[in-house]
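# Provided below for reference: sequence and predicted model.
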Amino acid sequence: MKRYYSAVKPFEKRKKKRPIFKLLLAIMRIFFPRDEFIWKTQKPKDGEAFIFVSNHTKIYAPLSFILNYEKPIRPWSNANLLTFKDVREHMFKNVVRNRKPKYLLYALSVLLSPLIIWFFRSLEVIPVYKKDRRIQTTFEKSIWTMEEGVHQIVFPEKLENWANKYIFELNQGFAYVAKEYYDKTNKIMKFYPVYVCKSLKKVLIGEPIAYNPDIHFKKQREQICRFLENGIKELGDSLPEHEIEIYE
């Protein structure tokens, strides 16, 4: 039996066509800026396993890849945005909490919850579970995506401790997928640093770092994240002076 990707189920039995969602994306593309994608390195070959690692820039960077990238792509996304109970709690604690008028925003969050869930499920995101054993699901979905040949992107900033003037330090958990992928396939995957510059309407992609199974993973994930942080800084520094959009 043919199995198709699902963000919330183990798999789908049928490929969903999602015509309304595709129409929405087409409308969004009319109004969203057409960013220029600039490769500072060679593009990966077809079938090569890799993940883009990007600065977040609020919602601009995810939308830029969803609407402008040349191939289908699955972003990693907070799993709380995929279920009714969790999306409300996420909105109340992380979006509405420090904004006013709260009573109006709380009501708006409840009303928008079904639309948010529909949108993220339709995107077929890779759900990120941060604090329990379901994180294994994140890695399994990521590996499934690589085996399909679909590109993916992660935005792993911590929102604490600056790495440089462009980004906060990166959470290191995403790097574990490289070990999982190697253990399953005996193949090496890469991580590409990405800098999305909203003010100049450019997306820069830099030299990748490859997973090395000969290095202890705890040391390896540290090396991967520092390399990517420095890579994003180098990409940002290569541009003319510009307004930096930070993740908030």
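Sure, I can see it.
# just the element for the closest residue to Val87 other than its chain neighbours, please.
Excluding the flanking residues, the one nearest Val87 by CB to CB, 6 or more residues apart in numbering is Ser113, at 5.0 Å. Using the backbone N, CA and C atoms, a C-beta is placed for each residue, glycine as well. Assigned by DSSP states H and E, Ser113 belongs to helix 102-123.
# what of Lys179?
With DSSP H and E as criterion, Lys179 is part of helix 176-185.
# quick one: list the elements packing against the lowest-mean-pLDDT helix or strand in the chain.
Lowest by mean pLDDT, DSSP states H and E among the helices and strands of the chain is helix 84-90, with a mean of 75. Where contact means 3 or more CB pairs under 8 Å, 6 or more residues apart in numbering; DSSP states H and E, helix 84-90 is packed against helix 102-123.
# quick one: the strands in this protein, in order.
Along the chain, the segments classed as strands by DSSP state E run 36-39, 50-54, 73-78, 126-128, 151-154, 157-162, 168-170, 190-197, 202-205, 209-210.
# which stretch in these has the least confidence?
Lowest mean pLDDT within these: strand 157-162, at a mean of 91.
# tell me the helices and strands packed up against that one.
Looks like strand 157-162 contacts strand 168-170 (3+ CB pairs under 8 Å, 6+ apart).
# show me the contact partners of the strand it packs on.
53, 156-163, 225, 228-229, 246-247 (CB atoms under 8 Å, 6 or more residues apart in numbering).
# who wins for neighbours among these?
Ranked by neighbour count (other CB atoms under 10 Å), the contacts of strand 168-170 have Val53 at the top, with 28 neighbours.
# who does it bridge with?
According to DSSP bridges, the partner residues bridging Val53 are Val154, Pro193.
# these two touch, right, it and Pro193?
Yes: if you go by CB atoms under 8 Å, Val53 and Pro193 touch, sitting 5.9 Å apart.
# where in this structure is pLDDT low?
89-106, 109 (pLDDT under 70).
# any idea which residue sits dead centre in the chain?
In the chain, the centroid-proximal residue (CA atoms, centre = their mean) is Val154; its distance is 2.8 Å.
# buried sites along the helix holding Lys179?
176-182 (16 or more other CB atoms under 10 Å).
# same question, stretch 32-44
For stretch 32-44, using 16+ other CB under 10 Å, the buried residues are 35, 44.
# may I have that stretch as CSV, with CA atoms only?
Presented in CSV, the C-alpha positions along stretch 32-44 are these (Å, rounded to 0.1, in the frame of the first residue of the first chain):
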residue,chain,number,x,y,z
PHE,A,32,4.6,38.8,-1.0
PRO,A,33,8.0,40.1,-2.1
ARG,A,34,9.9,38.1,-4.7
ASP,A,35,13.1,37.4,-2.9
GLU,A,36,16.3,36.7,-4.8
PHE,A,37,17.9,33.4,-3.8
ILE,A,38,21.7,33.5,-4.0
TRP,A,39,23.8,30.4,-3.7
LYS,A,40,27.3,31.1,-2.3
THR,A,41,28.1,27.4,-2.8
GLN,A,42,27.3,24.6,-5.2
LYS,A,43,23.7,23.5,-5.2
PRO,A,44,23.1,19.9,-3.8
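# that one: how far from the chain's middle?
16 Å (CA atoms, centre = their mean, to the nearest Å).
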